[in-house]
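S.K.: Sequence and computational prediction follow.
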Amino acid sequence: MPISGVSPLARTGLRQRFNPHLNSRIFKAVTKQQAAPNKPDRIPSRAENFSDWYIECIRKADMADYTVVKGCMVIKPYGYGLWENLRDALDRRIKETGHENAYFPLLVPESLLKKEAEHVEGFAPECAWVTHGGNDELEERYAIRPTSEAIIGSIYSQWVKSYRDLPLLINQWANVMRWEKRTRLFLRTSEFLWQEGHTVHRTEEEAQEETLKMLEVYREFLETELAIPAVPGQKSDAEKFAGASKTYTVEALMQDGWALQAGTSHNLGQHFAKGFDIKFLDEDNTMKVAWTTSWGVSTRLIGGVIMTHGDDNGLKLPPRVAPVQVVIVTIPKSGLEGALKEKSAAFAKALRAKGVRVREDNRDNLRPGFKFTEWELKGVPVRIELGPKDLENGTVAIARRDTGEKAFVKWDDIVGTAERLLVEIQANLLKTAREFRERMTHQPRNWEEFQDFIETRKGFMLVGWDGTGETEAAIKNATKATLRCIPFDGGKVQPGDVDIFSGKPAVHRALFARAY
RNA sequence: CGGGGUGUGGCGCAGUUGGCUAGCGCGCUUGCUUCGGGAGCAAGAGGUCCCGGGUUCAAGUCCCGGCACCCCGACCA
């Protein structure tokens, strides 16, 4: 797959030292980092071309690649390892909030899809259809699920009979397919992996509570595990899910100032329950229509991690989900291979005993600088360097990916230092991302300023909105900025607020941004 | 689905007005010397020049048709 030509850029910035404090001393500070500037396989800088930077990060880190299948990617082991870690962290939370996993059919009969009018209208254009079974044309074609409300709704109608069956709290981890016109690795591919929760409730209030509860699960998960400070809020009618009463979102801000919808939670009202006949006999012996919700996040989150934290040297993965948290790189020396390998294995074992995910890099056909660079591209949070001098001194060099700082520590302090660094790096990534988001959240005072800011400063625009789809559309047409959400925090109108575009009295404050 | 661009070893590219055995860099293999921030030398392997027609003594190169992918717009986790 040709990726546009990349002009090699020399890396800038000096490596600094950090203080490993307490019982370890700094033996030596490594203060410079001189990389070969003309290597052809460097990644472009973010400033130069954010889009190329993003794709090259993924490819150089060996996370994913395009395939012969249009719009579909292969997620390679390193990318899948990240997915597994974040999936497990989220799965734990989904179960802790009382949900169970199940699996529903991939194929959705067309007649089912049509049972909710808005829903089919929203998804029909991006459905892939199965029309044949073997050589025979089917009487009714099947959609490959673009989402599972329809198939699950039809099944739930069988399951729900009594108020005693409620709430029904189920989640599915699955692949879905949407025939996309334009694809980008992880952010938008025709097939992607996700989880979709589908719940049924007795009352409107309970469904609403569930919707907001899961949004909060997402928000906390993004913050704690991925170090992504996403803004929770409500979608406008124009942006909400096809067939939902209300859609809520967690909106993240990428380093290029574009927003990324990181997860959504929908209160489906009774639309789907009516469409799919999900009814129950209530305590008062009357038949009632149920209330449903759905909520999901996808492999898109991996794109979010990359664009939130990465730098011009490649990925920076949050330690809590990084497939490799600590890499031990040996610096080869003829005759010492055995001793280096032995030490490296001993350190790895000690770290694993503490639950740290460790990889050893004992390749002796590569120069150390090459190996360092490669693990930096892959975003490994902590790198331990073990060389001939360290064997003499009883030390290793230990470097953190987030700041580039490097110091020497004694062997006895390796495990403690690494564990502490992993915690610090996780916190530092979140802090940096949060500061970025705050710095990039602007409050233009008038329409001219809005237009200027969206072009020159980018980021979130927090502005008054009159609540109409007309002004929302007008803003989108004029600036390509869409209404990302009415944030829970800061979305309330203040006295005197007016719509940034129409000048009419505002009913909300809303976040606008250009979005992925 | 509209506008633009590109298809040549794994990757990035060159290939002149059609002309000789299709090149270069990186990567890969083998060997030796190296090794604390992308090593050096030597010897090798690797090609349906996107596909199908056509023009020509001769096509990677020109013509026609197709396909794929990438970028930019309208729609989307």
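M.R.: In hand now; what should we look at?

S.K.: For the stretch 1-150 of chain A, which segments count as helices?
M.R.: A:50-60, A:77-96, A:110-113, A:117-123, A:149-159 (DSSP state H, counting those that start in this stretch).

S.K.: Looking at those helices, spot the one closest to RNA strand B.
M.R.: In terms of C-beta to the nearest atom of the strand, the element of the helices of the stretch 1-150 of chain A nearest to RNA strand B is helix A:50-60, at 5.1 Å. Where C-beta positions appear, they are placed from N, C-alpha and C, glycine not excepted.

S.K.: ok now stretch A:93-101, how far from the chain's centre?
M.R.: 20 Å (C-alpha atoms, centre = their mean, to the nearest Å).

S.K.: Quote the end-to-end distance of it.
M.R.: End-to-end distance for stretch A:93-101: 12 Å, by C-alpha to C-alpha, to the nearest Å.

S.K.: Give me the contacts around it.
M.R.: Residues outside stretch A:93-101 that contact it (C-beta atoms under 8 Å, 6 or more residues apart in numbering): A:91, A:169-173, A:195, A:197, A:199, A:213-214, A:217, A:220-221.

S.K.: top of those residues by neighbour count?
M.R.: Top of the contacts of stretch A:93-101 by neighbour number is residue A:214, holding 28 neighbours under the definition other C-beta atoms under 10 Å.

S.K.: Identify the residues contacting that residue.
M.R.: Counting by C-beta under 8 Å, 6+ apart, residue A:214 has contacts A:97, A:197, A:265, A:293, A:295.

S.K.: Helix or strand: which one has it?
M.R.: Here residue A:214 sits within helix A:204-226, counting by DSSP states H and E.

S.K.: For the following helix or strand past that helix, give the mean pLDDT please.
M.R.: Remark: after helix A:204-226, the chain's next helix or strand is strand A:231-234, criterion DSSP H and E. Per-region confidence: strand A:231-234 scores 97 on mean pLDDT.

S.K.: now do stretch A:395-408
M.R.: 97.

S.K.: in it, what's buried?
M.R.: Using 16 or more other C-beta atoms under 10 Å as the test for burial, stretch A:395-408 gives A:395-402, A:404-408.

S.K.: Of the helices of the stretch 1-150 of chain A, give the one that comes closest to residue A:356.
M.R.: For residue A:356, the closest of the helices of the stretch 1-150 of chain A is helix A:77-96, at 13.2 Å, according to C-beta to C-beta.

S.K.: chain center to that closest one: distance?
M.R.: 11 Å.

S.K.: among the helices and strands of chain A, which one scores worst on average pLDDT?
M.R.: strand A:64-66 (a mean of 84; mean pLDDT, DSSP states H and E).

S.K.: Residues contacting it, please?
M.R.: Residues contacting strand A:64-66 (C-beta under 8 Å, 6+ apart): A:1, A:58-59, A:73-76, A:79, A:185-186.

S.K.: Could you dump those into CSV and include pLDDT and neighbour count?
M.R.: Formatted as CSV, the contacts of strand A:64-66 follow (pLDDT from 0 to 100; neighbours: other C-beta atoms under 10 Å):
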residue, pLDDT, neighbour count
A:1, 26, 7
A:58, 90, 26
A:59, 87, 19
A:73, 86, 22
A:74, 86, 14
A:75, 90, 20
A:76, 90, 15
A:79, 94, 23
A:185, 89, 23
A:186, 91, 26
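
S.K.: Would you format those residues as CSV with distance to RNA strand B included?
M.R.: As requested, these are exported to CSV (distance: C-beta to the nearest atom of the strand, whole Å):
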residue, distance to RNA strand B
A:1, 5
A:58, 12
A:59, 9
A:73, 9
A:74, 13
A:75, 12
A:76, 14
A:79, 14
A:185, 8
A:186, 7
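
S.K.: who are the neighbours in contact with the closest residue to residue A:202 other than its chain neighbours?
M.R.: Among residues not flanking residue A:202 along the chain, residue A:166 sits closest, at 4.7 Å (C-beta to C-beta, 6 or more residues apart in numbering). For residue A:166, the contacting residues are A:160, A:200-202, A:280, A:290, by C-beta under 8 Å, 6+ apart.

S.K.: swap in residue A:430?
M.R.: A:223, A:227-229, A:318.

S.K.: JSON lines please, covering the residues you listed and showing distance to RNA strand B.
M.R.: Compiled in JSON lines, the contacts of residue A:430 are given as follows (distance: C-beta to the nearest atom of the strand, whole Å):
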{"residue": "A:223", "distance to RNA strand B": "17"}
{"residue": "A:227", "distance to RNA strand B": "19"}
{"residue": "A:228", "distance to RNA strand B": "13"}
{"residue": "A:229", "distance to RNA strand B": "17"}
{"residue": "A:318", "distance to RNA strand B": "19"}
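
S.K.: can you give me the strands for the stretch 351-500 of chain A?
M.R.: A:358-361, A:382-386, A:395-400, A:406-410, A:441-442, A:460-465, A:482-487 (DSSP state E, counting those that start in this stretch).

S.K.: how distant is the helix holding residue A:214 from the center of its chain?
M.R.: That offset, for helix A:204-226, works out to 15 Å (C-alpha atoms, centre = their mean).

S.K.: Now do that helix, average pLDDT.
M.R.: Mean pLDDT, helix A:204-226: 98.

S.K.: again, but for stretch A:497-504
M.R.: The model assigns stretch A:497-504 a mean pLDDT of 96.

S.K.: which one among the buried residues of stretch A:395-408 gets closest to RNA strand B?
M.R.: Once C-beta to the nearest atom of the strand is applied, the member of these that ends up nearest RNA strand B is residue A:397, at 3.6 Å.

S.K.: Roughly how far does residue A:415 sit from RNA strand B?
M.R.: 17 Å (C-beta to the nearest atom of the strand, to the nearest Å).

S.K.: pLDDT score for the nearest residue to that residue once chain neighbours are set aside?
M.R.: Distances taken as C-beta to C-beta, 6+ apart put residue A:350 closest to residue A:415, at 5.2 Å, once the chain neighbours are dropped. pLDDT, residue A:350: 98.

S.K.: Now the closest residue to residue A:269 other than its chain neighbours: phi and psi?
M.R.: Excluding the flanking residues, the one nearest residue A:269 by C-beta to C-beta, 6+ apart is residue A:245, at 3.4 Å. Main-chain dihedrals, residue A:245, degrees, to the nearest 10: phi -80, psi -50.

S.K.: what sits against residue A:245?
M.R.: Taking C-beta under 8 Å, 6+ apart, one finds A:266-269, A:271 in contact with residue A:245.

S.K.: Of those residues, which are in range of RNA strand B?
M.R.: With the criterion set as C-beta under 7 Å from any atom of the strand, no member of the contacts of residue A:245 is near RNA strand B.

S.K.: Closest one of these to RNA strand B?
M.R.: Nearest to RNA strand B out of those is residue A:266 (C-beta to the nearest atom of the strand; 9.6 Å).

S.K.: doesn't residue A:241 make contact with that closest one?
M.R.: Yes - Residue A:266 lies in contact with residue A:241 (C-beta atoms under 8 Å); the separation is 4.7 Å.

S.K.: Which of these two has more residues huddled nearby?
M.R.: More neighbours surround residue A:266 than the other of residue A:266 and residue A:241, with 29 against 25 (other C-beta under 10 Å).

S.K.: Okay, now the unreliable bits of chain A?
M.R.: Within chain A, the segments meeting pLDDT under 70 span A:1-41.

S.K.: Just the ones in strands from the contacts of residue A:245, please.
M.R.: A:266-267 (DSSP state E).

S.K.: would you turn the contacts of residue A:245 into CSV with distance to residue A:412?
M.R.: What follows is the contacts of residue A:245, written out as CSV (distance: C-beta to C-beta, whole Å):
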residue, distance to residue A:412
A:266, 53
A:267, 55
A:268, 57
A:269, 61
A:271, 63
